[in-house]
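> How does the following fold in three dimensions:
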Amino acid sequence: MRQLLILRHGKSSWDDPKLEDFDRPLGPRGLKTAPLMGRELSRRGWLPDLALVSPALRTRDSWRLVSQELPKHVPAEFAEELYEAAPGAILARVRRAKATSLIVIGHNPGLQNFALQLAGAGSDAGVFRKIEAKFPTMALARFTVKDGWANLEFGGARLTDFIRPKDLA
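Predicted structure coming up:
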């Protein structure tokens, strides 16, 4: 059984209006919630073998703060195609992954739509409704996948959990 974790970046800062979207850093709330999510992943034993990360500053910083809380080093691949990606682009990148447990860190609305389209038979309906309502910054969806990544299709994963920062407070 494979595990797929989908994590939206932490809350970003809008303090400098001259910055391009790609270069926006984490804001105070993002700096606070990212380590909390890392500790929660560690507590639950949901440890990825590989991180696929959008190269935007806020996603890189989110992963850095999350990963510092994990009990083992997790290699990261910064994937250009994940920056503001549509669900199909995210799926295409996941299909090429070489790991048993994978975390994808990216942006909305792509991540939310990817999660909703990925959820298939056996998914938790209550969790699905929460994701459908809102996929806030630093929220994490967890899926299990029976077959290898190369064969993953929309509707081909089981949605099991959804954790929002407010659930950790």
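> Give me the buried stretch members for the lengthiest helix in the chain, please.
Identified as the longest helix of the chain according to DSSP state H is helix 28-44. Buried residues in helix 28-44, counting neighbours by 16 or more other CB atoms under 10 Å, are found at G30, L31, K32, T33, A34, L36, M37, G38, E40, L41. No exception for glycine: its C-beta is placed from N, CA and C like everyone else's.
> Counting by contacts, list what that helix packs against.
Judged by 3 or more CB pairs under 8 Å, 6 or more residues apart in numbering; DSSP states H and E, helix 28-44 is in contact with helix 57-67, strand 140-145, helix 165-168.
> export these to a markdown table and tack on distance to A86?
Shown next, in a markdown table, are the helices and strands packed on helix 28-44 (distance: least, CB to CB, whole Å):
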| stretch | distance to A86 |
| --- | --- |
| helix 57-67 | 16 |
| strand 140-145 | 17 |
| helix 165-168 | 25 |
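> Going by mean pLDDT, which of these comes out lowest?
Confidence, taken as mean pLDDT, is least for helix 165-168 of these (a mean of 94).
> Flag every buried residue along that helix.
Under the neighbour-count criterion of 16+ other CB under 10 Å, helix 165-168 has P165 buried.
> Which residues are in contact with the nearest residue to A89 once chain neighbours are set aside?
With sequence-adjacent residues excluded and distances taken as CB to CB, 6 or more residues apart in numbering, A89 is closest to E81, at 5.2 Å. With contact taken as CB atoms under 8 Å, 6 or more residues apart in numbering, E81 is in contact with A89, A92, R93.
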